[in-house]
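In: got a predicted structure plus its sequence, pasted below:
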Amino acid sequence: MKYRALGNTGLNVSVVSLGTHQFSGEWAKDFSESEVATILQRASELGINVIDTAECYGDHLVESLIGKAIQPHRSDWILATKFGHGFSGLQKTGAWSAARVQQQLEASLRALGTDRIDLYQFHSGTNQEFDNDELWAMLQAQVRAGKIRFLGLSLSAEVLHKADWHQLHAAANVGVRAIQVVYNRLQNKAEDYVVPFCEREQLGILARVPLAKGFLGGHYLPGTLFPENDTRSAYSQQFNEEQLKLVQQIKREEVPPGQNMAQWALAWCLKPKAVSSVVVGCKNIAQLESNAAAATLIS
């Protein structure tokens with residue numbers, strides 16, 4: 001494993017972080033406590049030291065699975081989670097008031113079984129939800145209290161699509177020290193503005209969806225139909241087909257012969273030195289080990 005500084009936080013993070021959305025059951029597979037514990041133990045053995053999760057991965061469900069798995073080894077991990085959502089029954093809803101976010105924070109601390117969150121990230125909200133002085137004052141108070149080490153901002157895909165940089169420009173003013181953003185070979189708009197801005201402002205970058213929700217693994221051929229319990233089934237078949245055809249073209253024209261495409265795609269995201277880590281999930285140990293091996297492709 002290799003490590004990079006997360007902006008100016010003083011944290012050294014593994015260039016491959018463990019994403020945990022898959023553990024929510026939204027990717028055509030349910031995970032048991034023992035499966036999650038086994039994956040996290042192997043990730044640690046491979047040198048991965050960052051776990052990225054969210055409050056809305058099953059209403060703190062995934063945080064709870066992680067908390068149980070890392071309880072004996074909490075100090076080995078940099079824990080990153082997110083805020084901004086609540087649940088009404090099974091329906092996810094926005095929850096951005098200072099009071100609601102403070103409730104989410106306490107629930108995340110309980111679920112993770114910890115007294116502190118290393119990186120607490122604003123989770124894909126709108127500018128209106130972001131521009132809330134009371135919210136950021138409360139979060140800064142939690143930083144001073146030691147419940148949060150650093151604040152982060154997870155930019156929505158819509159922000160990238162619209163090239164709306166309001167939140168990015170205001171990040172430092174509210175104490176944000178790291179930016180999480182969609183960045184991969186298929187969706188690379190972040191390199192036009194976000195990456196150079198963060199490098200200039202010394203903000204750490206976590207590249208999320210680095211395999212474009214699995215498309216860049218190179219395993220799915222054009223014509224693939226995803227099952228209903230797979231999050232990719234929410235896209236139109238035309239979109240999925242276009243993505244799969246483009247991936248095959250990239251595989252032919254850009255990926256060196258014999259090179260594992262997923263590893264190549266992860267290393268591609270790490271070409272900018274300002275990118276501290278790629279956040280990538282896995283469904284099994286083999287995928288985890290393959291993802292971790294992408295670090296060997298980085299000079």
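Out: Yes, it's here.
In: so what's V62 up against?
Out: By CB atoms under 8 Å, 6 or more residues apart in numbering, V62 lies in contact with T20, H21, F23, S24, T53, A54. The way it works is simple: take the backbone N, C-alpha and C, and place the C-beta from them, glycine included.
In: what do you get if the cut-off is 10 Å, keeping everything else the same?
Out: By CB atoms under 10 Å, 6 or more residues apart in numbering, the contact set of V62 is 20-25, 31, 36, 51, 53-56, 81, 111-112.
In: where does the stretch 1-150 of the chain dip in pLDDT?
Out: Scanning the stretch 1-150 of the chain with the threshold set as pLDDT under 70 gives 28, 89-90.
In: quick one, strands of it?
Out: With DSSP state E, counting those that start in this stretch applied, the stretch 1-150 of the chain shows strands at 3-5, 12-14, 16-19, 50-52, 78-83, 85-88, 91-94, 117-123, 148-154, listed in chain order.
In: which one of the ones you listed is the most hemmed in?
Out: Between these, strand 16-19 has the highest mean count of neighbours, a mean of 28, where neighbours are mean count of other CB atoms under 10 Å.
In: which other helices and strands contact that one?
Out: helix 33-45, strand 50-52, strand 78-83, strand 204-208, helix 261-269, strand 275-280, helix 285-292 (3 or more CB pairs under 10 Å, 6 or more residues apart in numbering; DSSP states H and E).
In: K251 is nearest to which of these?
Out: The closest of those to K251 is helix 261-269. By CB to CB, the value is 5.6 Å.
In: taking strand 204-208 as reference, get the angle to that closest one.
Out: Helix 261-269 and strand 204-208 meet at an angle of 150 degrees, taking axes from the mean of the first three to the mean of the last three CA atoms, to 10 degrees as the criterion.
In: who does helix 261-269 touch, helix- and strand-wise?
Out: So helix 261-269, by 3+ CB pairs under 10 Å, 6+ apart, packs with strand 16-19, strand 204-208, helix 237-253, strand 275-280, helix 285-292.
In: could these go into JSON lines alongside distance to D133?
Out: Output for the helices and strands packed on helix 261-269, formatted as JSON lines (distance: least, CB to CB, whole Å):
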{"stretch": "strand 16-19", "distance to D133": "31"}
{"stretch": "strand 204-208", "distance to D133": "24"}
{"stretch": "helix 237-253", "distance to D133": "39"}
{"stretch": "strand 275-280", "distance to D133": "28"}
{"stretch": "helix 285-292", "distance to D133": "39"}
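In: re the thing from before, next, format the helices and strands packed on strand 16-19 as JSON lines and append distance to V143.
Out: Formatted as JSON lines, those follow (distance: least, CB to CB, whole Å):
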{"stretch": "helix 33-45", "distance to V143": "26"}
{"stretch": "strand 50-52", "distance to V143": "19"}
{"stretch": "strand 78-83", "distance to V143": "13"}
{"stretch": "strand 204-208", "distance to V143": "16"}
{"stretch": "helix 261-269", "distance to V143": "29"}
{"stretch": "strand 275-280", "distance to V143": "20"}
{"stretch": "helix 285-292", "distance to V143": "31"}
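In: what's the closest of the ones you listed to A99?
Out: strand 78-83 (12.2 Å).
In: gap between the closest one and the chain center?
Out: 9 Å (CA atoms, centre = their mean, to the nearest Å).
In: how about stretch 199-213?
Out: 9 Å.
In: buried set for that stretch?
Out: Across stretch 199-213, burial judged by 16 or more other CB atoms under 10 Å covers E201, L203, G204, I205, L206, A207, R208, V209, P210, L211, A212, K213.
In: any idea which of these the model trusts least?
Out: Scanning the buried residues of stretch 199-213 for pLDDT, the low point is K213. It has 86.
In: related to what we said a few turns ago, out of the helices and strands packed on helix 261-269, the one nearest Q71 is which?
Out: strand 16-19 (16.5 Å).
In: okay, now E106: neighbour count?
Out: The criterion is other CB atoms under 10 Å. On that basis, E106 has 12 neighbouring residues.
In: much appreciated, bye for now.
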